[in-house]
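Visitor: Got a predicted structure here, sequence first:
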2 protein chains.
Amino acid sequence: MANSPSGDSMLDRLVRILSSFDLNNQSLSVSSLARRADIPKATMYRLLDELVSHDLLARDGSGQVRLGLRLWELANRSAATQDLRTAALPFMEDINQLLGQNTQLSVLHQDEVLIIERLSRPGSVVNQANVAGRMPVHRTSMGMALLAFSRPETIHGFLERHHELMTDAHPELRAEMAEIRRNGFASFDGFIDPETTGAAAPILDEAGYQVAVISVVVPRDSGTLQSAALALRTAARGIARALRLDNI
Amino acid sequence: MANSPSGDSMLDRLVRILSSFDLNNQSLSVSSLARRADIPKATMYRLLDELVSHDLLARDGSGQVRLGLRLWELANRSAATQDLRTAALPFMEDINQLLGQNTQLSVLHQDEVLIIERLSRPGSVVNQANVAGRMPVHRTSMGMALLAFSRPETIHGFLERHHELMTDAHPELRAEMAEIRRNGFASFDGFIDPETTGAAAPILDEAGYQVAVISVVVPRDSGTLQSAALALRTAARGIARALRLDNI
């Protein structure tokens, strides 16, 4: 693709522009967008016109810029996540209602936990997982469940890249992973928030490897962890079955 | 942005590439992607490498190409639709369970109905609305509810652009729109599917204009339309309230 004088391609710039927006920066001024995307302001104005004309970005009434609805549409209408969401949503609703806590659906992506869907519940304990947000593998039950049920080569590669981080947080890593596999779920107290415990059960393919994970965050020491884990494992099996039925 | 010899910009091409995927074409061969996007095959291979390196597109095991998870992540983590979804999902679950039918959340976008969210129900009647899919305004209760509760200038512009289509489908358009506004909901028999009736209630801002619409499709002549409409209007008010609380 055509490169700018600074050597980065149009696509590099586009990705930096889109990456400048996040949950806490849903709209930005042109100046701050240019700064965050590391693009000269005059260039930014020119790019903006073209991006807005395609509705990949949109200007709101006050001159701020945000993502365009067309971008959302293109990214979602054939997303790989859509089949997973469709299969998982009814089971997530069940968990959400029966346990009365926020329920998440996540995948392992580029060595991090990527949240695909979240059902909230008024009065739930604090939970920092947002849709399309990322969380670290080593500090979440979601991440540990995803890793423990990954293919051997995925686990091997991950541990090579993040050896220190993992062994610092999990001195008995091998024993811990074996226990997660034996139990069929992972749970951790207060890694992200000291008052809560996360529990996560993997959704498995027919070879027994994870394709995603379903999880809840419950108040710590609530005594509900074991029953929550069993409910999650039940839901995870239901989702796996729904995914396979869908593929027939 | 830099233009190719044929005069279309990188961004034009990117939008054509992303637009080539849809629900029925979640993965494509490089040849068919090049054909659908109207891009020379050699150019397509070059673009593909760069798009895959940014994870905007991804190659699967069999050499087919699909949208990358990074695209989904960037488009969703700060999407304008996210606040609306979060506010609406609990009410959509209520409708979904109480009426036992598929429930949709949609907005008016570029003169069409864009489906933001859908909750399915096993055993629901046939329903052609998919997440991030589009449907025509004049043939859906969603579209008619959205239009009737739009700002006067939006209605005026829409009717100018689609006069013939609208008056063909709705000979008594003015009376019909007035009735939708009076009733607080729109319903139509069998426009898309002869066996079903759609009902849709607008979610209104404080000035009384729509920001979205919640809808169900029920079996035609089931006698449940009036109660479904009342349930939808109740849910729509709850969503509007949740949206306003969120904005405080």
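Guide: Arrived safely, thanks for sending.

Visitor: Where do the helices of chain A begin and end?
Guide: In chain A, the helices defined using DSSP state H lie at A:10-19, A:30-37, A:41-53, A:69-76, A:80-99, A:141-148, A:152-161, A:163-169, A:173-183, A:225-247.

Visitor: Buried deepest among these, which one?
Guide: helix A:141-148 (a mean of 28; mean count of other C-beta atoms under 10 Å in any protein chain shown). Glycine gets a C-beta too; all of them are placed from N, C-alpha and C.

Visitor: then stretch A:63-80 to CSV, C-alphas only?
Guide: Taking C-alpha atoms only, stretch A:63-80 is exported to CSV below (Å, rounded to 0.1, in the frame of the first residue of the first chain):
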residue,chain,number,x,y,z
GLY,A,63,-17.4,18.7,16.4
GLN,A,64,-16.1,15.7,18.3
VAL,A,65,-15.2,12.6,16.3
ARG,A,66,-16.3,9.0,17.1
LEU,A,67,-16.5,5.6,15.4
GLY,A,68,-19.0,5.4,12.6
LEU,A,69,-21.9,3.0,12.6
ARG,A,70,-20.8,1.6,9.2
LEU,A,71,-17.6,0.4,10.8
TRP,A,72,-19.6,-1.4,13.5
GLU,A,73,-21.9,-2.9,10.9
LEU,A,74,-19.0,-4.2,8.7
ALA,A,75,-17.1,-5.6,11.6
ASN,A,76,-20.2,-7.4,13.1
ARG,A,77,-22.3,-8.8,10.3
SER,A,78,-20.0,-11.6,9.5
ALA,A,79,-17.9,-11.7,12.7
ALA,A,80,-16.5,-15.1,13.8
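
Visitor: Indicate whether that stretch makes contact with chain B.
Guide: Yes. Against chain B, stretch A:63-80 shows contacts by C-beta under 8 Å from any C-beta of the partner chain at A:66-67, A:69-80.

Visitor: Run the chain-centre distance for that stretch.
Guide: 17 Å (C-alpha atoms, centre = their mean, to the nearest Å).

Visitor: What mean pLDDT does that stretch get?
Guide: Stretch A:63-80 shows a mean pLDDT of 90.

Visitor: Next: stretch A:119-134.
Guide: The model assigns stretch A:119-134 a mean pLDDT of 75.

Visitor: Distance from stretch A:107-125 to the middle of the chain?
Guide: That offset, for stretch A:107-125, works out to 5 Å (C-alpha atoms, centre = their mean).

Visitor: Repeat that for stretch A:184-198.
Guide: Worked out by C-alpha atoms, centre = their mean, stretch A:184-198 lies 17 Å from the chain centre.

Visitor: Using PDB, write out every CA atom in it.
Guide: Only the C-alpha atoms of stretch A:184-198 are listed here, as PDB (Å, rounded to 0.1, in the frame of the first residue of the first chain):
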ATOM      1  CA  GLY A 184     -13.000 -28.400  34.700                       C
ATOM      2  CA  PHE A 185     -12.900 -24.800  35.900                       C
ATOM      3  CA  ALA A 186     -10.500 -22.100  37.200                       C
ATOM      4  CA  SER A 187     -11.200 -19.700  40.100                       C
ATOM      5  CA  PHE A 188      -9.100 -17.000  41.700                       C
ATOM      6  CA  ASP A 189      -9.600 -14.700  44.700                       C
ATOM      7  CA  GLY A 190      -9.200 -11.000  44.400                       C
ATOM      8  CA  PHE A 191      -6.600 -10.800  41.600                       C
ATOM      9  CA  ILE A 192      -8.300  -7.800  40.000                       C
ATOM     10  CA  ASP A 193     -10.500  -6.800  42.900                       C
ATOM     11  CA  PRO A 194      -9.700  -8.000  46.500                       C
ATOM     12  CA  GLU A 195     -13.400  -8.300  47.400                       C
ATOM     13  CA  THR A 196     -14.300 -10.700  44.600                       C
ATOM     14  CA  THR A 197     -13.600 -14.200  43.300                       C
ATOM     15  CA  GLY A 198     -13.700 -15.100  39.600                       C
END
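
Visitor: returning to that earlier point: now the residues of stretch A:63-80 next to chain B in TSV, with distance to B:Asp49?
Guide: Formatted as TSV, the residues of stretch A:63-80 next to chain B follow (distance: C-beta to C-beta, whole Å):
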residue	distance to B:Asp49
A:Arg66	30
A:Leu67	26
A:Leu69	29
A:Arg70	25
A:Leu71	22
A:Trp72	26
A:Glu73	26
A:Leu74	20
A:Ala75	20
A:Asn76	25
A:Arg77	24
A:Ser78	21
A:Ala79	22
A:Ala80	20
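
Visitor: For those, name the two members farthest from one another.
Guide: A:Arg66 and A:Ala80 (24.9 Å; C-beta to C-beta).

Visitor: Residue ranges of each domain in chain A, please.
Guide: Split into domains by automatic domain parsing, chain A comes to A:10-73, A:79-246.

Visitor: what's the span of the first one from first residue to last?
Guide: From the first residue to the last, domain A:10-73 extends over 22 Å; the measure is C-alpha to C-alpha, to the nearest Å.

Visitor: How far does that domain sit from its chain's centre?
Guide: 23 Å.

Visitor: same deal with the longest one?
Guide: Distance of domain A:79-246 from the chain centroid (C-alpha atoms, centre = their mean) equals 10 Å.

Visitor: What count of nearby residues applies to A:Leu105?
Guide: Neighbours of A:Leu105 under the rule other C-beta atoms under 10 Å in any protein chain shown: 27.

Visitor: Now the terminal residues of stretch A:147-154, how far apart.
Guide: 8 Å.

Visitor: residues making contact with that stretch?
Guide: A:108, A:137, A:155, A:158, A:177, A:180-181, A:186, A:202, A:204, A:208-210 (C-beta atoms under 8 Å, 6 or more residues apart in numbering or on different chains).

Visitor: Appreciated, that's everything.
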